[in-house]
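K.L.:
next one to model:
(one chain, ligands or ions: 1)
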Amino acid sequence: DVSHELRTPLAAIRGYAETLLDGALEDQDNNRKFLEIILSHAIRLNNIASDLLVLSELDSDAPPLAPPERIRVIDVIDSAVHTVEGGAALRGIRLKREQCQDCSVMGYRFRLEQALVNLLDNAVKFNRPDGEVNIECIPASDARVQISVSDTGIGIPSEDMKRIFERFYRADKARSRPAGGTGLGLPIVKEVVERMGGTVSAESQLGGGSKFTIVLKEA
Ligand code: ADP
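P.N.:
Coordinates of the predicted model:
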């Protein structure tokens, strides 16, 4: 899977660079466009490499450098929202925190933040202009905390739902490709949450938005 995913952007970078050197550099109508294609594939390779690094760190059973700590979820939500708000504003998407109660969980703050950024990033990326994203944090039964990210976006076809947490899986590739994803965002969320002893689930309706819910033990 990995080599297949790397081959496409590498072949494109090599192909367009060779085309430019073979004379297209002087072709004023196309030279800029070819460089932009090279850049977009280089960015994609970079995204794949950094997501793979996160996953290989999560996969390795090396003990983390520090013990897990008590994390206030609301603080992590604030930082994650801060990370995606520029992109959301560019697309005209409102980020809301309608119900965020003060709950704490045990784990690694930077990892939980990464998981929330991935969910928020998808909720923005697969939304519609003028859409909304809502993030919620509420206490749940059995001393658990429920964090959910819901959007008013394009939704996920039901036949893809059981595979979206698989590595490199992109629902409806034609639709997802322009969004430039790696297919590694949700696998990272799942890995992070399961390593914290929790679960992640998804509900979605094609054309009717999606909701991702993380449940963790309260600390
Ligand atoms: P990607 O890098 O493509 O976003 P992910 O692993 O994060 O990879 O997501 C896998 C696929 O699940 C996406 O390509 C997309 O088809 C679908 N998906 C994830 N989140 C959403 C969402 N909020 N709305 C619609 N589709 C989504």
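K.L.:
all helices for the chain, in order.
P.N.:
With DSSP state H as the criterion, the chain has helices at 2-21, 31-59, 73-90, 109-125, 173-176, 185-195.
K.L.:
what's the most buried one of those?
P.N.:
Of the helices of the chain, the one with the most neighbours on average (mean count of other Cβ atoms under 10 Å) is helix 109-125, at a mean of 22. Bear in mind the C-beta positions are built from the backbone N, C-alpha and C, glycine included.
K.L.:
can that one be found next to the ligand?
P.N.:
Yes: using Cβ under 6 Å from any ligand atom, helix 109-125 reaches the ligand at Asn118, Asn122, Ala123.
K.L.:
tell me the one of those residues nearest Ile93?
P.N.:
Ala123 (8.3 Å; Cβ to Cβ).
K.L.:
so the closest one touches Ser148, yeah?
P.N.:
No: at 10.4 Å, Ala123 does not count as touching Ser148 under the criterion of Cβ atoms under 8 Å.
K.L.:
now do the shared contacts for these two.
P.N.:
Phe212 (Cβ atoms under 8 Å, 6 or more residues apart in numbering).
K.L.:
alpha carbons of stretch 126-144, in CSV - could you do that?
P.N.:
What follows is stretch 126-144, C-alpha atoms only, in CSV (Å, rounded to 0.1, in the frame of the first residue of the first chain):
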residue,chain,number,x,y,z
PHE,A,126,-15.7,17.7,3.2
ASN,A,127,-18.1,20.5,4.0
ARG,A,128,-20.0,22.9,1.7
PRO,A,129,-19.5,26.6,1.4
ASP,A,130,-21.3,28.3,4.3
GLY,A,131,-21.4,25.0,6.2
GLU,A,132,-21.0,24.4,9.9
VAL,A,133,-18.8,22.3,12.1
ASN,A,134,-19.8,21.7,15.8
ILE,A,135,-17.5,20.2,18.4
GLU,A,136,-19.0,19.0,21.7
CYS,A,137,-17.6,17.6,24.9
ILE,A,138,-20.0,16.1,27.4
PRO,A,139,-19.9,13.6,30.3
ALA,A,140,-21.3,10.2,29.3
SER,A,141,-22.4,7.2,31.3
ASP,A,142,-20.0,4.9,33.2
ALA,A,143,-17.6,7.8,34.0
ARG,A,144,-16.8,8.4,30.4
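K.L.:
what comes into contact with that stretch?
P.N.:
Residues outside stretch 126-144 that contact it (Cβ under 8 Å, 6+ apart) are 73-74, 77, 80-81, 88, 91-101, 103, 116, 120, 123-124, 145-154, 176, 179, 210, 215-218.
K.L.:
ok, 6 Å please
P.N.:
Contact partners of stretch 126-144, identified using Cβ atoms under 6 Å, 6 or more residues apart in numbering, comprise 73, 77, 92-101, 103, 123, 146-154, 215, 218.
K.L.:
now a PyMOL select for only the buried ones of those.
P.N.:
Of those, the buried ones go into a single PyMOL selection, burial set by 16 or more other Cβ atoms under 10 Å:
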select buried, resi 73+77+93+95+100+103+123+146+147+148+149+150+151+152+153+154+215
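K.L.:
any idea how far Asn127 is from the residue most central in space within the chain?
P.N.:
Of all residues in the chain, the one closest to the mean position by Cα atoms, centre = their mean is Asn118, 2.9 Å from it. Distance from Asn118 to Asn127, counting by Cβ to Cβ, to the nearest Å: 15 Å.
K.L.:
fine by me, thanks again.
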